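Undergrad: Got a sequence here, can you model it:
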Amino acid sequence: MRHTLLFLFTLLLFFAMNANAQQCVTCHKQVTPNIVADWQVSKHIKNGVGCEICHGNDHTSAADVSKALIPTPETWSASARASLEGKW
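TA: Predicted structure coming up:
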């Protein structure tokens, strides 16, 4: 029973995160397919870390690509760090 609940929770988390990241993935599969492929097998997706955690929510199209954050120690916000606590 405990394993079933854990599995269901993990599945729910995956789909919730996947829904948020789907817009990113749809475009970036065309623009940067290797980066998407790397993310899809990374610790990030396995731990529910979507694109917006590291890259922010401001970049939504090719017209505003300059709004995407590039994750470095200097650009990571305290909230991004906090959201990753305990996920690794």
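
Undergrad: show me where this protein has helices.
TA: Secondary structure of the chain (DSSP state H): helices located at 2-31, 33-40, 43-46, 51-55, 78-84.

Undergrad: Please work out the average pLDDT along the third one.
TA: On average, the pLDDT along helix 43-46 is 84.

Undergrad: how about the CA coordinates for that helix, as CSV?
TA: Extracted in CSV, the C-alpha atoms of helix 43-46 (Å, rounded to 0.1, in the frame of the first residue of the first chain):
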residue,chain,number,x,y,z
LYS,A,43,17.8,14.2,-12.2
HIS,A,44,15.7,17.3,-12.8
ILE,A,45,12.7,15.6,-14.4
LYS,A,46,13.0,12.6,-12.0
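
Undergrad: Now that helix: buried residues?
TA: Counting neighbours by 16 or more other CB atoms under 10 Å, one finds that the buried residues in helix 43-46 are 44-45. All C-beta atoms are positioned from the backbone trio N, CA, C, and that covers glycine.

Undergrad: No further queries at this time; thank you.
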